[in-house]
Each structure stands twice: as structure tokens, then as C-alpha cells.
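Peer 1: show me the folded form of this:
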Amino acid sequence: MNGSRSFNWNTGSPHPKWILMAVLLAGTIASCNRTPDEPEITADSTPYQLVFPAHVTPPILPADNPLTQAKVELGRMLFHETALSGDETMSCATCHLQSAGFSDTARFSIGIQGLPGHRQAMAVSNMAWNSNRFF
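Peer 2: Take a look at the predicted model:
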């Protein structure tokens, strides 16, 4: 057996550390399974209906990515999410004020840590009709 303490190819008996590793690996894999009390996550494909006055031409939206209520709600949540900023203090809504037509009322927008920017935050209204974005 050449003094080896690992798997013995001659007898087929594994070393105890390999058994322990196999048990731990199996336990880890088993713990990754969904438990019965976890809710199943399903995609909500309820369409979101955009309503426009008769004189407004509807935007051209991609056929392979339909607008849904869930996507609109996700967009609202992301627009107001502060965790996306560098120091988790600001959201898009911090500068793009809905009350000001989704624009900034300051000449130069103030960023994280109170640092002034070099320009005003652009208005983000009617973006469904805008195919030329600066970002």
C-alpha cells in the first residue's frame, strides 16, 4: 500500500477524510434545495396598457420585450432605489424630480457626498420616444 493514507485502490476502502468531505458536500447540495414553505417565483406577464390622447402617436416598443405591470413597477422601484448610488444615499429621483418634470431645479446637480456636478441632470420624460440616449 506504499504507506498512503488516502484511497486504497487495492481494497477500495476510502480514507475517513474523503468520507467526511463527501458527507459535507452532499449536505451542502441538499441544503440548496427549495424548502416547501418558500414561495415559488413566477414571472408576471400582465400587460401594462399605455394610454395616450388621440393626438399623440404611441411609441414603438420592442415586440420581443412586451411592457408588463411587473416591469413598470420594477422601473419605479429602481428609480427610487438609493442602494444603486456609490454611497447608498441617492436615487435617480433625487435629481430627476417628478414635481419638476423629472428634471433637476439646480443649475449644477449635487452628487454623492454633497459634491457638485459639472452639469444639470437632464430631464427624463418621454424617453419611450427617444432613441438617442447619451448613456
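Peer 1: I'd like to know which elements the longest helix anywhere in the chain is packed against.
Peer 2: Of all the segments of type helix in the chain, defined by DSSP state H, the longest one is helix 16-31. Applying 3 or more C-beta pairs under 8 Å, 6 or more residues apart in numbering; DSSP states H and E, one finds that helix 16-31 contacts no other helix or strand. All C-beta spots, glycine's among them, are computed from the backbone N, C-alpha and C.
Peer 1: how far off centre is it?
Peer 2: 33 Å (C-alpha atoms, centre = their mean, to the nearest Å).
Peer 1: quick check: what element follows that helix along the chain?
Peer 2: Following helix 16-31 in sequence order, the next helix or strand is helix 69-79 (DSSP states H and E).
Peer 1: which residues touch the helix or strand following that next one?
Peer 2: With elements assigned by DSSP H and E, the helix or strand that comes after helix 69-79 is helix 92-95. Outside of helix 92-95, the residues within contact range by C-beta atoms under 8 Å, 6 or more residues apart in numbering are 78-80, 82, 104, 109-110, 121, 124.
Peer 1: tell me the buried residues in helix 92-95?
Peer 2: For helix 92-95, the neighbour count (16 or more other C-beta atoms under 10 Å) marks 92, 94-95 as buried.
Peer 1: now render the residues you listed as JSON lines, adding pLDDT and distance to Trp129.
Peer 2: JSON lines is the format used below for the buried residues of helix 92-95 (pLDDT from 0 to 100; distance: C-beta to C-beta, whole Å):
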{"residue": "Cys92", "pLDDT": "93", "distance to Trp129": "19"}
{"residue": "Thr94", "pLDDT": "94", "distance to Trp129": "25"}
{"residue": "Cys95", "pLDDT": "93", "distance to Trp129": "22"}
